[in-house]
Structures are given as structure tokens and as C-alpha cells.
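Chemist: Build me a structure from this.
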Amino acid sequence: MDVRSHGNWMWDLDESILEYLGNVDMARPSEVARSLRWPVTTHRVHERLRVLSQAEYAAPVTDHYEQYELTGLGAAYLSGDVRADLLVPVPSAQRRGHVLG
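Modeler: Sure thing, here's the model as predicted:
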């Protein structure tokens with residue numbers, strides 16, 4: 001496995017979410033939460049997916065943010081080709097999922 005450069009904005013949970021999305025076509029936050037090795041709420045996973053969408057590592061595939069998929073940038077991060085420490089996700093109306101928090 002390649003070494004990944006985490007950003008200060010990232011949580012350990014984020015990497016687990018991205019890894020899960022890398023193994024499926026798309027997933028609901030509840031599905032991701034159930035699949036993880038530690039207890040985490042669906043709300044927390046959904047919140048982190050919104051942050052990951054700001055970083056363009058994940059993207060909602062529905063208008064109501066019900067399902068997400070891994071993006072090309074997210075796949076590049078997982079393979080160690082993108083440095084998250086050089087990125088600070090910020091809200092933008094130009095990207096779907098632009099509301100943080």
C-alpha cells in the first residue's frame with residue numbers, strides 16, 4: 001500500500017469511508033456506518049461525506065445526498081497519488097454537497 005498524506009482536516013473515519021467507497025459503486029451513509037469496524041452513527045458518516053465532497057474525494061449521486069460515490073480524486077488519494085495535507089476543503093456552491101457541518 002502506498003503512503004497517504006493525511007490533511008489536518010481529515011479524520012481517521014474519512015479514510016475508512018473512502019476505502020469503503022472504493023470497494024462499491026455507491027453507498028448510503030447508513031450502509032457505510034454499518035460496515036465500519038467501530039461504532040459510528042449514520043449522522044457522523046453523512047457529515048464526513050459532506051466534508052469529503054468538499055475535498056472532491058467523494059460525490060453525492062442523488063440530489064438529496066442519499067448516496068455517495070468515490071471520485072477520481074478520491075481514488076488517487078487512496079493510491080497515494082494525492083496529498084490531502086495540501087488541500088483544505090471549503091464550502092462552495094459550485095460543488096454538490098457544499099454545506100459543511
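
Chemist: give me every residue that touches Gly74.
Modeler: Residues near Gly74 by CB atoms under 8 Å, 6 or more residues apart in numbering: Leu18, Leu21, Gly22, Leu52, Glu56, Tyr57, Ala58. Bear in mind the C-beta positions are built from the backbone N, C-alpha and C, glycine included.

Chemist: Would you mind confirming that Trp9 is in contact with Tyr57?
Modeler: No. Contact criterion CB atoms under 8 Å: Trp9 and Tyr57 do not qualify, at 11.1 Å.

Chemist: and for the two, which residues touch both?
Modeler: In contact with both Trp9 and Tyr57: Ala84, using CB under 8 Å, 6+ apart.

Chemist: which secondary structure element contains the spatially most central residue of the chain?
Modeler: In the chain, the centroid-proximal residue (CA atoms, centre = their mean) is Leu52; its distance is 3.6 Å. Assigned by DSSP states H and E, Leu52 belongs to helix 42-54.

Chemist: Now the helix or strand following that helix: average pLDDT?
Modeler: Following helix 42-54 in sequence order, the next helix or strand is strand 58-60 (DSSP H and E). Averaged across strand 58-60, pLDDT comes to 94.

Chemist: show me where this structure has strands.
Modeler: Under the criterion DSSP state E, strands of the chain are mapped to 58-60, 68-70.

Chemist: what does the last one rub up against?
Modeler: The set of residues external to strand 68-70 that reach it, using CB under 8 Å, 6+ apart, is 18, 21-22, 25-29, 49, 52-53, 57-61, 78.

Chemist: Show me which of the contacts of Gly74 are buried.
Modeler: Neighbour counting with 16 or more other CB atoms under 10 Å marks Leu18, Leu21, Leu52, Glu56, Tyr57, Ala58 as buried within the contacts of Gly74.

Chemist: Return the distance of the third one relative to Arg34.
Modeler: Which is Leu52. Leu52 is 18 Å from Arg34, where distance means CB to CB, to the nearest Å.

Chemist: now the fourth one
Modeler: For Glu56, the distance to Arg34 equals 25 Å [CB to CB].

Chemist: Over to the first one?
Modeler: With distances taken as CB to CB, Leu18 is found 17 Å from Arg34.

Chemist: Sounds good, over and out.
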